[in-house]
Structure formats: C-alpha cells, structure tokens
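J.: I'll drop the sequence and a predicted model, then ask my questions.
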Amino acid sequence: MIRFCDIVFSLLGLILLLPVFLIVAVWIVLDDPGPIFYRQQRVGKDGRDFSLLKFRSMRMDADKQSLITIGERDPRVTRAGYYIRRYKLDELPQLWNVLVGDMSLVGPRPEVRRYVDTYTPEQRCVLSVRPGITDYASIEYIDENAILAKSADPDKTYIEQIIPAKIALNMRYINHRTLGEYFKIILLTFVNIIR
C-alpha cells in the first residue's frame, strides 16, 4: 500500500508542481549559469547505488571540496541556492526518484557510499528499506548545517555523532512501518517546513 501511495503522490506532485519546477529552473540559470539539476550517486535499498536528483543549489563541482554542507552560508551555495535549500525546494526533483522506485516519500535519507562504508553491521539495517525524501531524522536534524558549522571537524562530527543519531531515528520508522506512520511523517515534514 505504501508503494501505491508513493506512485500516486509522486505522480500528482510532479504534475501539480510543474509551474514551481519551471520557476526554480529559470531562477537557477539566471543566478548561476550551468545545469538545472544535480545528480549524485547514493546508496539505496539493499546497498544498491542509484542516481539521486536535486535542483542544483551549489556552484559547479562544489562537491569535490566536501560532501556535506557546513553552515547556512556555505560559500559554495549560490544566492538562489540558499533559498532553494532553506525551503527544501532542492528536494522536489526526488519525486521522480520516488516514481521510478529508487526511493519512497518516507524512509531513511540515502547517504553517499563514503558514509555508508562507515556503518556498523547493525546500522546497515537502514538499507533494508527504500530510502526516502523525509523521515524522523530529517525533521529532527533540520538544522544539521548549523550544528556542523560549530564543529572543529565537521566530517568527524557527522560520522561519529549525527549518523548514529539519525540511524536510531530511522529505525523508529523501520520497526513501525505502517501507513499511519507514513502519513504522520509527511504531515510533520510540512509543519516543519512552514515553521
């Protein structure tokens, strides 16, 4: 039933949000010429790689410097990108990932291979389900960039503190994966974005 909801909601979202997609696409190009979309290899269900789709919010080749964004004013983020990220508009193209089955609307956020390789055998349980656009960890760590900005070693903080805390929250959903929890997380996500 969750997969059916994913297909219906992602298809509806892609159709209804088409005007928003067009506005964001023009905004990106006018602000910083280059591709509209950003693709990155992420690890999905059963440890399989897939190409995650986002609106580009950083300058070209920014991910060669670091895989995590540090602080609200990371210099790699474009002017338009700052607002696109702040209001989570960069995540909208992932509705395509949901439609084709790489992702679900709700599930653990997919990580890059480099961080997945640091998982313990217990932590790898998060790879037993489709990754999602939102989850309890996304809601709890909505200010993750600000946390990392205060760290002397953001990469170490991410691996040793944030990843274990996020996975614990992910397991809360995985162990109680019902339609009720699915809709609850979607509702909580909208409330957080509006706030």
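T.: Perfect, I can see it now.
J.: Next, work out how far apart Gly34 and Tyr173 are.
T.: 35 Å (C-beta to C-beta, to the nearest Å). From N, CA and C alone the C-beta is placed, and that goes for glycine too.
J.: Show me the contact partners of stretch 11-19.
T.: Stretch 11-19 is contacted by residues Leu92, Leu95, Trp96, Leu99 when judged by C-beta atoms under 8 Å, 6 or more residues apart in numbering.
J.: Please apply the same query to stretch 167-184.
T.: Residues external to stretch 167-184 that are found in contact with it (C-beta under 8 Å, 6+ apart): 1-2, 5, 105-108, 119, 123, 125-126, 128-129, 135-137, 140, 185.
J.: what about that stretch, start to end distance?
T.: 19 Å (C-alpha to C-alpha, to the nearest Å).
J.: That stretch - what's its average pLDDT?
T.: Across stretch 167-184, pLDDT averages out at 95.
J.: Make 20 the first number, not 1, from now on.
T.: Sure thing, new numbering starts at 20, so read that last one as stretch 186-203.
J.: Quick check: buried residues in that stretch?
T.: In terms of neighbour count (16 or more other C-beta atoms under 10 Å), stretch 186-203 has its buried residues at Ile186, Leu188, Asn189, Met190, Tyr192, Ile193, Glu200, Tyr201.
J.: ok, these vs Asp65, which is closest?
T.: The closest of the buried residues of stretch 186-203 to Asp65 turns out to be Ile193 (C-beta to C-beta; 13.7 Å).
J.: which phi and psi does that closest one have?
T.: phi -60, psi -40 (degrees, to the nearest 10).
J.: What separation do you get for it and Gly151?
T.: Distance from Ile193 to Gly151, counting by C-beta to C-beta: 11 Å.
J.: Likewise for Leu124?
T.: On the measure of C-beta to C-beta, Leu124 and Gly151 end up 6 Å apart.
J.: Would you mind telling me which of those two has more residues around it?
T.: Counted by other C-beta atoms under 10 Å, Leu124 and Gly151 do not tie: Gly151 has more neighbours, with 26 against 23.
J.: nearest spatial neighbour of that one, skipping sequence neighbours?
T.: Gly126 (2.9 Å; C-beta to C-beta, 6 or more residues apart in numbering).
J.: Could you turn the buried ones of the contacts of stretch 186-203 into a ChimeraX selection?
T.: Buried residues among those (16+ other C-beta under 10 Å), as a ChimeraX selection:
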select :21,24,124,125,126,127,138,142,144,145,148,154,155,156,204
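J.: my guess is Pro127 meets Asp154, correct?
T.: Yes. Under the criterion of C-beta atoms under 8 Å, Pro127 makes contact with Asp154 at 5.6 Å.
J.: what about Ala171, neighbour count?
T.: Using other C-beta under 10 Å: Ala171 sits among 6 other residues.
J.: That's all I had, so thanks and see you.
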